[in-house]
Every structure is written in structure tokens, then in C-alpha cells.
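> What shape does this take:
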Amino acid sequence: MATYVSLVNNAIDESGADLALYAEDGSDFTTNTEPMLNRFKTWVARAWKTVQQVAFDWEFLNNQALVTLQPGLMFYTETDIATAVPPATIDIFGTDDALLYNDVAIGTSYKDLTFTQYSDVVGRDFGYLDLDASGSAPASEYSFKAGGDYFHPLGVMYEYTVGAMTPAPTFFADGIEVGDFVYIGISSLATYNGVMLPKYLEPVAAQITSMNPNTNDAARGTSGFTFRSNSVDFHGIMAAGSAVGYVYKNTNTWTGFTVGEVYNDAGTPAGYSAQFGSLPSPSIPTITFIPNTAYLHSWKSFLFSEESSSNDYVHEVSEIDNNSFHIIDHEADSPSTTRPLTFVPWHIFSVQYDNLTTPPSTPRYITEDNTGRWRLYPHPDRPVTLKFSYSRTPQNLVEWDDEPKGLPADFTDLVMWLAVRMYGEFDEQPSVARRAERYYKDLLQRLQIKYRPKFHIKPKRLY
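Next up is the predicted model:
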């Protein structure tokens, strides 16, 4: 198979240019900076990209993809999605604030689509969450009202305000700044043989939201700081005023004690950045509930590059054959049924099928919306695998041993002749350009006949 360096050398030979060729092993492909050699590299790379872009339905550019999709919900909120850490489960409420669904299991992160063409409402972050649905726990029971039903994207979030601490915190020395996520370790008081003794609990994730002062020196946070956490257990213990908190940059420095063990002495752990609480520090936190609301917008739309299942098979999608979609139940026992999906234009889909009220089920229709994302109806109630045909994006030749991916070996001279034509035009040699154009067009015509879809016209039957 022809490589990048061999195509460049062949183009130089056919052009008649008085140039030394690159080494066949590519050893000087990047170090030889002769301007005309670099131009031939550019012409060959450009020629291969041009050939690929002649048609999107080249058979050698086509592939079949397998992508597993996770059901989910689109939402909008005033909360900063980019830094938001979702709770393990969410409660969803109706317009009358009544609880509709509790403990809905979701994914480990929100996908932020703010500042894309999908979202242009000032002051509103836009994104989606994945539903942790499966064949044994499908999402088929859910039905929502867009713009009315809501959830708390940060969970039940509390902000803790801590005053001056003893001993002084070491935020600056530990590299902790406002906005960082840290861990809060807790030493609560437990009754042991009639004596109140400290017992350490599991570290809790939290985010530092302010420091007083917020300076670039050792004084950072010495007069107090605030942090947010959605741990219900942590909130209950600190609100009771019977715990000491320890701020850790990460759990690697969480040493010096065993979680859950009762200590006969203070048992102060090592490696913490700040110590606060009711004992022995006087800095008892004040606790404030932080309202955060996200309103449901629609069922999740899909961009196949965002799905990241380990069994996916798709790469650099350029054009998708809308009539090639099939759906496979990802979790069904083998052999699983494969069913075709009917493509519906977006202007029809958006009117007839784009609503949150229809419960998830097995999809029958698919569309590409006005932002280039894909939607299914009904929305899947569990993970499903899509199979479809696509053409990949044009390949760029970069390394000396790159090969024109998919191009049949009999037609690699097509790239070389187009590069020679570019040289003839650049060097104002019309005879070279005409000769190269003749060979290029001849090869291109044969390539189109052999490697593009065949069209057949059949006469109508006469009765």
C-alpha cells in the first residue's frame, strides 16, 4: 500500500521537478525543510482530502457503527452545571411541589451543553443527566411535564460558614483555593461505657465556596471559610453541635485513625488543612440551605461521540445513512432481536413525538434535530444499542507512513496525479497540469464507477 512519503516521492518524479527525494524510511520527512519539498507534502495531503470529499458515499469511506445509548433527561437551571457534582439519586417534584418520584438513580456527572447552539437563554445552564436504568429496573414508569417538574441538581445542599479557627488553617500551604473540591472528615461524639468519646466517620465530599481572607499567602482562610455539601449525615451531626470537622485536600492524606472506631483520647488525625466544629475549636458552623432547582426540558438527545460504552464501535462520523438505523436490546439474552428504526424528519418529529409525557419504552422512530443531535421515540427505558451505516470524516495524512485509509491499491496514483496537477498550476507549467489532469480524471471516473452506489433504472411493467 502506498504511504504518504511514497506518494510525495512519486509526485516529484512525475512532475519532473529537480528535487532530491525523501528517504524511503521517512527518516528525513520532518527534518528536511526544503520549501518545494514541503509544498509537495502539502499538495499530496490536500489531494487525498479532495478525493475523499468528491462524494460522501464512497464505499471505501463507509462503515457500520454500534453505539449503546443510555436513557436520560434534558434540563435547564441557574446552577453552574460545569462544577456541579450530582448526588447518587434525585427526587423529582411536580408544579405543586408534590413529590412525584423519589430516589431516582442517575449517572455520575451532568453533561453541560451551555453555550452551544442548543442553549441561548441568558442565565440558564442547559444539559442532561443519564438515568441509571436497566432491564431489571427500566425507566418505563416515568412521565413528566416540561417546564414544570423539577429536581435539585446538587441534591439537598447546605452551606456551612466557619469563623476563625484554632489551630489556624493551612489552606495556602496545601494549595486549596476557592472552588476546589475537598473532603471533610468528622469526629463525632459517641457514648462508650458512659463516657463521651470521639468516633470518626467516613469522609464527605465538599466544595470550598469562599475564604476570609482569600489572599495568595499563608493568611488565606484564617478568619473563616465557607463550604457546601449535600451529605445528610454530615448536616445532622454538625447541626447538633457535637462534632469536629477536618478539611482534607484528598483522601490520600486521611490517616491516623480507623473509620467507625471509638477512641479513648482525642485521636486527632494527621494531614488535615483545617480543623473546626464544637470541640475543641470554638468555630461552630452556621448552616444555610442552598436552593437549587433544575426544570425538566425534554428527554435526552444523543450525540454519538458523547456515549462512551466500552462495546461501542464508531469513529469520526461524517454522514449517517438515515435509513440504516436498527435497534438492539442491549441487555436481552442472546440472540437479541434487531428491529429497524424509521427515520422521521425533525419538523414532523418535533410536533408529533417530542414530548415528556410519553413514558419511555422500546423506540420505533428516530430523528436528527435542528442542532445535529439525535432523538428517539418513545425514549428508551433501558440501554439500547443502535446499529447504522455511516461515512467517516476525511483522513488527514500527517506521518510519513500514513496510508490513504480504505483507498484501493489500484487507485493510489489518483492522489499522486492530483498533487502533480497542483504543482503544474503553481509552477505555471500547463503541459504538466494538463497531463496530470487527464490521468486524474480517468482514474477518478473508474473509481466512481466501481466504488459508488449503483443506480438501476427499470422499465415499468405494462399490463
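
> per-residue confidence for the residue nearest in space to the middle of the chain?
Among the residues of the chain, the one closest to the centroid is Glu306, at 4.4 Å (CA atoms, centre = their mean). Reported pLDDT at Glu306 in the predicted model: 88.

> List the contacts of it.
Residues near Glu306 by CB atoms under 8 Å, 6 or more residues apart in numbering: Lys111. (Each C-beta comes from the backbone N, C-alpha and C, glycine too.)

> mind listing what the nearest residue to Ala274 once chain neighbours are set aside touches?
Counting by CB to CB, 6 or more residues apart in numbering, Pro169 is the residue found nearest to Ala274 once chain neighbours are left out, at 3.5 Å. By CB under 8 Å, 6+ apart, Pro169 lies in contact with 220-222, 225, 247, 273-275.

> One more: His379?
71, 299-300, 358, 360-361, 363.

> what bridges to the residue nearest to it when sequence neighbours are not counted?
Nearest residue to His379, sequence neighbours excluded (CB to CB, 6+ apart): Trp299, at 3.9 Å. Residues in a beta bridge with Trp299, per DSSP bridges, are Leu73.

> Contacts only, for Trp299.
Taking CB under 8 Å, 6+ apart, one finds 71-74, 356, 360, 375-376, 379 in contact with Trp299.

> again, but for Pro363
By CB under 8 Å, 6+ apart, the neighbours of Pro363 are 327, 341, 376-380, 384.

> Residues in a beta bridge with the closest residue in space to it that isn't next to it in sequence, which ones?
Distance criterion CB to CB, 6+ apart; nearest residue to Pro363, sequence neighbours excluded, is Leu376 at 3.9 Å. Beta bridges link Leu376 to Ile366 when assigned by DSSP bridges.

> Spatially, which residue comes closest to Asn10, not counting chain neighbours?
Met416 (4.8 Å).

> Pull the number of nearby residues for the one you found.
28 (other CB atoms under 10 Å).

> Give me the pLDDT for the closest residue to Lys249 other than its chain neighbours.
Take Lys249 and drop its neighbours on the chain: the residue closest to it by CB to CB, 6+ apart is Asp174, 5.0 Å away. The model reports Asp174 with a pLDDT of 90.

> What residues of the longest helix that the chain contains count as buried?
Counting by DSSP state H, the longest helix found in the chain is helix 430-451. Using 16 or more other CB atoms under 10 Å as the test for burial, helix 430-451 gives 432-433, 435-437, 439-440, 443-444, 447, 451.

> Does anything pack onto it? Which helices or strands?
helix 413-426 (3 or more CB pairs under 8 Å, 6 or more residues apart in numbering; DSSP states H and E).

> what's the angle from the helix it packs on to helix 430-451?
Angle of helix 413-426 versus helix 430-451, following axes from the mean of the first three to the mean of the last three CA atoms, to 10 degrees, is 150 degrees.

> So for helix 413-426, mean pLDDT?
The model assigns helix 413-426 a mean pLDDT of 97.

> Dump that helix to PDB, keeping only the CA atoms.
Output of helix 413-426 as PDB, limited to C-alpha atoms (Å, rounded to 0.1, in the frame of the first residue of the first chain):
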ATOM      1  CA  ASP A 413      -2.000   7.100  -8.300                       C
ATOM      2  CA  LEU A 414      -5.200   9.200  -8.300                       C
ATOM      3  CA  VAL A 415      -3.800  11.100  -5.300                       C
ATOM      4  CA  MET A 416      -0.400  11.400  -6.900                       C
ATOM      5  CA  TRP A 417      -1.700  12.800 -10.200                       C
ATOM      6  CA  LEU A 418      -3.900  15.400  -8.500                       C
ATOM      7  CA  ALA A 419      -0.800  16.600  -6.500                       C
ATOM      8  CA  VAL A 420       1.100  16.800  -9.800                       C
ATOM      9  CA  ARG A 421      -1.600  19.000 -11.200                       C
ATOM     10  CA  MET A 422      -1.400  21.300  -8.300                       C
ATOM     11  CA  TYR A 423       2.300  21.500  -8.900                       C
ATOM     12  CA  GLY A 424       1.800  22.300 -12.600                       C
ATOM     13  CA  GLU A 425      -0.600  25.100 -11.700                       C
ATOM     14  CA  PHE A 426       1.800  26.500  -9.100                       C
END
